[in-house]
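> here are the coordinates; sequence isn't available:
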């Protein structure tokens, strides 16, 4: 080997070792953005609202409560989008009972993507409680609204 090529060979060996070390290093774990697994639901304790919350939890969503009138007054949608991927809006009025005594509701429920304000799906109707919940669950399923798992991204 000629003396002039020795420094180049040594440099090539060092660079090869550095590149090999970088290539074999483990990739960093994905950042867990909890907001991708969260749905903002209106504050309240109505029977229909409670059952809709349960339906969302069954699909793996983390729930956070929001004050609908304060959100509308302050136009804090950008802030809410950093905390929850979707927002549920709901108006519910109990209108009586169905056969067998099950409560019936006149309702309007909407799932909104907070990032861009797009309506994912909306339901309006007057149904017995179980029928309203069933329609909501079908809307979630039809639109693929199952919470992503930790580390799966948004």
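Cool, the structure landed. Being a predicted model, the structure only gives us computed values, none of them experimental. Numbering: from 1, shown residues only.

> Give me the next element, helix or strand, following the lowest-mean-pLDDT helix or strand in the chain.
Here the helix or strand of the chain ranked lowest by mean pLDDT, DSSP states H and E is helix 6-24, holding a mean of 61. Once helix 6-24 ends, the next helix or strand along the chain (criterion: DSSP states H and E) is strand 38-42.

> residues making contact with that next one?
49, 52-53, 56, 61-68, 80, 83-90, 111, 114 (CB atoms under 8 Å, 6 or more residues apart in numbering). Where C-beta positions appear, they are placed from N, C-alpha and C, glycine not excepted.

> try 7 Å this time
49, 53, 56, 61-66, 68, 80, 83-90 (CB atoms under 7 Å, 6 or more residues apart in numbering).

> Is there a quick PyMOL command that grabs whichever of these are buried?
To isolate in PyMOL the members of the contacts of strand 38-42 that are buried, counting by 16 or more other CB atoms under 10 Å, one can use:
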select buried, resi 49+53+56+61+66+68+80+84+85+86+87+88+89+90
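
> can you give me the helices for the protein?
For the chain, applying DSSP state H gives helices covering 6-24, 47-58, 68-74, 77-83, 129-142.

> residue contacts, residue 46?
Contacts of residue 46 by CB under 7 Å, 6+ apart are residue 92.

> And the pLDDT for it?
pLDDT for residue 46: 92.

> just residue 55 next, same as before
pLDDT, read off for residue 55, is 93.

> so it touches residue 133, yeah?
Yes - counting by CB atoms under 7 Å, residue 133 is a contact partner of residue 55 at 6.1 Å.

> ok, the closest residue to residue 128 other than its chain neighbours - how many residues close by?
Once flanking residues are discounted, residue 128 sits nearest to residue 98: 3.9 Å by CB to CB, 6 or more residues apart in numbering. Residues lying near residue 98 (other CB atoms under 10 Å) number 14.

> again with the one 4 residues further on
A count of neighbours around residue 102, defined by other CB under 10 Å, yields 12.

> mind checking how far residue 147 is from residue 137?
14 Å (CB to CB, to the nearest Å).
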